[in-house]
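In: Please work out how this folds:
(2 chains)
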Amino acid sequence: MIRNLHLPRLSIVDPVARLWLGLPRWAKVLLQLALLAFVIWYPSTLEPKWQSVLFFPVGVYILLGLGLNVVVGLSGMLDLGYVAFFAVGAYATAKLTVDGGGLTAWECVVLAIIIAMAAGVMLGGPTLRLRGDYLAIVTLGFGEIVRIVAQNSESLGQARGIINIPHPSDLPLLKFNERPLDPLPYVYLVLGAILVAIFMIGRLQRSRVGRSWAAIREDEDAAELMGVPTFNMKLWSFAIGASTGGLGGWIYATKVQFINPDTFPLNLSFLVLAAVVLGGLGSTAGVIAGAFAVGFIPEYLREFAGGDEVLRFLNRVTGGEANNITEYRFFLFGIALIIMMIFRPQGLIPSRQRAAELAEATGEGSMGAVAGVDEADVVATATEVGTATLEVPTDVELPDDFITRATETSEEVLRLDGLTMQFGGVVALNDVSMSVHRGEIFGIIGPNGAGKTTLFNCITGVFRPTSGAIELEGRSLVGRKPHKITEAGVARTFQNIRLFPNMTAIDNIMVGTDARHTTSAPGAVMGLPKHGREERLGRAEAVRLLEFVGIPHRAGEVARNLPYGDQRRLEIARAIATQPKILLLDEPAAGFNPAEKQALVELIRQICRAGLTVVLIEHDMEVVMEVCHRIAVLDFGEKIAEGLPEEIQTDERVIQAYLGVDADAP
Amino acid sequence: MSSRELAINFSALVDDFWAHTIDGLAVGSIYALIALGYTLVYGVLRLINFAHSEIFALGIYASAFAIHGMLDITEPRAGLSLVLTLLALLITSMAASGIAALVMERVAYRPLRRRNAPRLTALITAIGISLVVQEFLALRYGRSRLNPQRLFEKESLFTFLGEEVSNDKVLVFVAAIVLMIGLDQFVRRSRLGRGIRATAQDAETAQLMGVDIDRVVMLTFLLGGLLAGAAGFFFLIFYEAARFNIGFLPGIKAFTAAVLGGIGNIRGALLGGLLLGIMEKYGAALFGGQWTDVFAFMVLVLVLLVRPSGLLGESLGRTRA
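Out: Just a heads-up that it's a prediction; the model follows:
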């Protein structure tokens, strides 16, 4: 969502990030273990007061930040009412344990998580059709509604809240019920929750689910058209964010033992958001750093030398009368947010994707391919002239299963019958009928505004046609969702390239292969065998496809850094990855020079030879006439001709449409 | 303790139907004034200026400050002195909010605009601004509710359909309508207004045709700020209260109003504001006052889901993404 082009860099963080990425795997594991040992050992050396600070705000903020990061950072949906799920988790715990509930604290961990998750689904269900700012406002409203309901409901204690929530019973080594209360076990409790959250979210991120989230964040419409069930995936994102919040609520309630509506002010949502944004949207390390900054710095300044002077200075500036520096928390983080958005919108520790981009930009070696792809396989085979690759490796074939699937049924693949599309009074398509046969390259030409792209949009489910039938192998596509149509076997590219710009080339293609996979969030979290199999298969296919379109050396590069020609190729590879029965190419030669056009013609032929049926919209007559088996001509939304290339070239009406000769003129 | 759980009370609505309507119109006209700020900025920049509610809050505080700090009013006034006082306060509020809106645009939004930053960035900036302004007010004037001096005695002005209509409601309603008609005419007829409309339709082309985009944007923020300041002043007259976070709820309701009428549409903001004000009062009568705010949010969600382009459609700007 946030793109960092030519932004000033903070001098310390970026080199560290680059260093980290350059380390071999074993060194990373070792460092992580050392870090883990440190975070287990270090809190035990602190005074109880600081242990309490580590629990709240720091630990709880980190946990909430991780959950919010799933929604905002990974999926790109701005949720301003996140604290509501924290509240739901806490109130659920309170109700289940205190009055009427009678459960112990441990017994309701899972319940608190599930109830918060259900709240997430309840909010997400009706609102996830909204986007961007609108979603933000509605979630903000939801956060307030939860608070107002708690405030006004007798059963939730109204403004009094609920007291006497039990502590968790003791575990070996973790004595939760010491008197006076020992904060250290709770530090470990929240630490454990954080580690579990990091582990589970990390697994999701590296799965079909995580790629779907990234694709939605980058370009939701394109994601849906590439077969991502966007609504489902957004709902999962919401549910997982909410459940993390619910877990946070449980932890908080069982330690503090008392909650009321004031525990969950709206500003808490903003504070957690500030932590996520300051740290770096989408980055786990960033979230932790951000939460530390937001939770710890004010407490630190309150306690230590210099804090008083800072306080006096701030009081002078604002004319305030604060006697405690924590009162300036929101004020300062507000300023930090504004400054951050101006100078470093990607956050202190940008996500790995963005760190990779940074490293790339400074030429410190390629980030290497993606895990699982052997570098040796990805050696560049194509010759580069200028920025575009010209050669198509003719020896690379599509994997077998692509072909078998494409040739399994009847002759007529796609049939349009009386297709009409009206926008208000404008008739974009009028009674268009055509049928595309198995294995052919079918061209659609026509002047600008003839309705060619509208035709693609109708076929792929972007628009629902006003009337008429669209059938793929005899089954109607009308009224189905775009991702269902993609699943059924229709894939497309776009006139103006719509890759997922901040994802790597290989991940872009894997979004396409994911369209055929079914692993969902639970499977990915548990690491089921099916998930592993699908990942391996998808990655292998993606590598093959990169070779097939002639850009194997681009595997680990971020899509938006690719040269224009390679982006077009990548888009075609992504479409083929869905294993379509029919491939719709929308002006693939736009912006190409003659040599590139020739390479493209070669590629399209090869796709056809591999057994795929291709429908091609193209303005370039040379390309169309050279590659297409049959051609249909659209003009003002009507089909005015259909036939072999030679027939089209000599057709009166076509010539008139292109040259603008009036048929009735004398 | 009486039950405050949800219950529907039809008689409360039917018995005082016109009283609720009149209250609704007064509150609604305040929402409409704030809504115009959202609508103008959205129309031109396609940005929901989330911090607009704080511009409104600054208007309230400017009035309160003027009442106590500058004019030192200690008792209700009447006659010519009252008229002059009201005018002075209105101008103070409008000026304070207008300047604040300009500063906000200049300092926080313009750098983002220059970079063509995505909208999420702008939204986060707006949250930052909100925090800063709210906390500034809290630190300076405290976190508890303030009750400024009453400016004039509220009394019934005339009877309408058997309901007494008090002078403050008439003042708020009439003044708000006058200001909105003024704005509508300004945008429709003046040269600067044409610049705004041109930019709203196609910023790039407008720029090529010689429209100074920066000036148009500043003008848009200024106009929104002025009206929000006026709204703040009227709010203070009507509710006679201020708090550091007072902008939040009216702000989000005004946003609801803007969406209800069709964001980007000036007349839609008026219609949406009045409608929301009335619906809210009816809702409060039906379900109990404590649910008022929930009711407004429900309206917002429903409108966004059922008819996101609003009642009158989006006319200043293009269609929404």
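In: drop to CA atoms for contacts and neighbour counts, all remaining ones
Out: Will do.
In: Three-state assignment for B:L102, please.
Out: What DSSP: H, G, I helix; E, B strand; the rest coil gives for B:L102 is helix.
In: Wait, it touches B:L222, no?
Out: Yes: proximity of B:L102 to B:L222 meets the contact threshold set by Cα atoms under 8 Å, at 5.8 Å.
In: Between these two, tell me which one has more neighbours.
Out: Per other Cα atoms under 10 Å in any protein chain shown, whichever of B:L102 and B:L222 has more neighbours is B:L222, with 24 against 20.
In: Name the nearest residue to the more buried one, ignoring sequence neighbours.
Out: Leaving aside its sequence neighbours, B:L222 sits nearest to B:G98 (Cα to Cα, 6 or more residues apart in numbering or on different chains; 5.0 Å).
In: what about the strands in chain B?
Out: Under the criterion DSSP state E, chain B carries strands at the ranges B:156-160, B:163-166.
In: Ignore what I typed, I meant the stretch 251-400 of chain A.
Out: Secondary structure of the stretch 251-400 of chain A (DSSP state E, counting those that start in this stretch): strands at A:384-385, A:388-389.
In: Flag whichever of those has the least confidence on average.
Out: Note on the strands of the stretch 251-400 of chain A: lowest mean pLDDT is at strand A:384-385, with a mean of 32.
In: for A:T127, phi and psi?
Out: phi -100, psi -10 (degrees, to the nearest 10).
In: which one is it nearest to, not counting chain neighbours?
Out: A:L135 (6.8 Å).
In: Low-confidence ranges, the stretch 201-321 of chain B, go.
Out: B:314-321 (pLDDT under 70).
In: which parts of it sit against chain A?
Out: Within the stretch 201-321 of chain B, the residues that sit near chain A (Cα under 8 Å from any Cα of the partner chain) are B:252, B:290-291, B:293-294, B:297, B:300-301, B:304-305.
In: on that earlier part again, which of the strands of chain B sits most buried?
Out: Mean neighbour count (mean count of other Cα atoms under 10 Å in any protein chain shown) peaks for strand B:163-166 among those, with a mean of 16.
In: Within the sheet, what are the partner strands of it, with directions?
Out: strand B:156-160 (antiparallel) (DSSP bridges).
In: mean confidence score for the partner strand?
Out: pLDDT averaged over strand B:156-160 gives 77.
In: in the chain, which residue is closest to the centre?
Out: Because you didn't say which chain, this covers chain A. A:A214 (1.9 Å; Cα atoms, centre = their mean).
In: Please refer instead to chain B.
Out: Centre-nearest of chain B using Cα atoms, centre = their mean is B:I34, 1.6 Å out.
In: where are the low-confidence patches of the stretch 251-400 of chain A?
Out: For the stretch 251-400 of chain A, the ranges with pLDDT under 70 are A:305-306, A:352-400.
In: Quick check: residues of it near chain B?
Out: A:270, A:318-322, A:327-328, A:330-338, A:341-342, A:345.
In: Give me every residue in the stretch 1-150 of chain A lying close to chain B.
Out: Counting by Cα under 8 Å from any Cα, the stretch 1-150 of chain A sits next to chain B at A:1-3, A:78, A:126-127, A:129-130, A:132-134, A:137-138, A:141-142, A:144-145, A:148.
In: Kindly give a single PyMOL line that selects the buried subset of these.
Out: Selection of buried members from these for PyMOL, criterion 16 or more other Cα atoms under 10 Å in any protein chain shown:
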select buried, chain A and resi 1+2+78+127+130+132+133+134+137+138+141+142+144+145+148
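In: which ones among the residues of the stretch 1-150 of chain A next to chain B are found in helices?
Out: Among the residues of the stretch 1-150 of chain A next to chain B, the members found in helices (DSSP state H) are A:126-127, A:132-134, A:137-138, A:141-142, A:144-145, A:148.
In: What is the most widely separated pair among the residues you listed?
Out: Largest separation among these by Cα to Cα: A:G132 and A:I148, giving 24.6 Å.
In: Surely A:T104 and A:L111 touch.
Out: No: the pair A:T104 and A:L111 does not pass the contact test of Cα under 8 Å, sitting 11.4 Å apart.
In: related to what we said a few turns ago, from the residues of the stretch 201-321 of chain B next to chain A, which would you call buried?
Out: Looks like these have B:252, B:290-291, B:293-294, B:297, B:300-301, B:304 buried, using 16+ other Cα under 10 Å.
In: With distance to A:L46 as added columns, please give those in TSV.
Out: Formatted as TSV, these follow (distance: Cα to Cα, whole Å):
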residue	distance to A:L46
B:I252	44
B:Q290	45
B:W291	46
B:D293	45
B:V294	44
B:F297	45
B:L300	49
B:V301	48
B:L304	51
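In: sorry, back to before: tell me who's in contact with the residue nearest to the centre of chain B.
Out: B:52-53, B:56, B:224, B:227-228, B:231, B:251, B:254-255 (Cα atoms under 8 Å, 6 or more residues apart in numbering or on different chains).
In: again, only this time at 7 Å
Out: B:227-228, B:231, B:254 (Cα atoms under 7 Å, 6 or more residues apart in numbering or on different chains).
In: again, but for A:M200
Out: A:V525.
In: what distance separates the host helix or strand of it from the centre of its chain?
Out: In this assignment (DSSP states H and E), A:M200 forms part of helix A:183-205. Relative to its chain's centre, helix A:183-205 lies at 23 Å (Cα atoms, centre = their mean, to the nearest Å).
In: Can I get it in CSV? Just the C-alpha atoms.
Out: Only the C-alpha atoms of helix A:183-205 are listed here, as CSV (Å, rounded to 0.1, in the frame of the first residue of the first chain):
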residue,chain,number,x,y,z
PRO,A,183,4.4,-9.5,37.3
LEU,A,184,7.1,-11.7,35.9
PRO,A,185,5.0,-14.8,35.1
TYR,A,186,2.6,-12.5,33.2
VAL,A,187,5.5,-11.1,31.2
TYR,A,188,6.2,-14.7,30.2
LEU,A,189,2.6,-15.3,29.5
VAL,A,190,2.4,-12.4,27.1
LEU,A,191,5.7,-13.3,25.6
GLY,A,192,4.4,-16.8,24.9
ALA,A,193,1.3,-15.4,23.3
ILE,A,194,3.5,-13.1,21.2
LEU,A,195,5.7,-16.0,20.0
VAL,A,196,2.6,-18.1,19.2
ALA,A,197,1.2,-15.1,17.2
ILE,A,198,4.4,-14.5,15.4
PHE,A,199,4.7,-18.2,14.5
MET,A,200,1.2,-18.6,13.3
ILE,A,201,1.1,-15.3,11.4
GLY,A,202,4.4,-16.1,9.9
ARG,A,203,3.1,-19.4,8.6
LEU,A,204,0.1,-17.7,7.1
GLN,A,205,2.2,-15.1,5.5
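In: for the contacts of B:I34, which one is nearest B:L146?
Out: B:A231 (17.8 Å).
In: Leaving out the residues flanking it, which one is nearest to the closest one?
Out: B:I30 (5.3 Å).
In: dump the residue contacts of the one you found.
Out: B:176, B:231, B:235.
In: before we move on, back to that, just so I know, which of the strands of chain B lies nearest B:P111?
Out: strand B:163-166 (46.7 Å).
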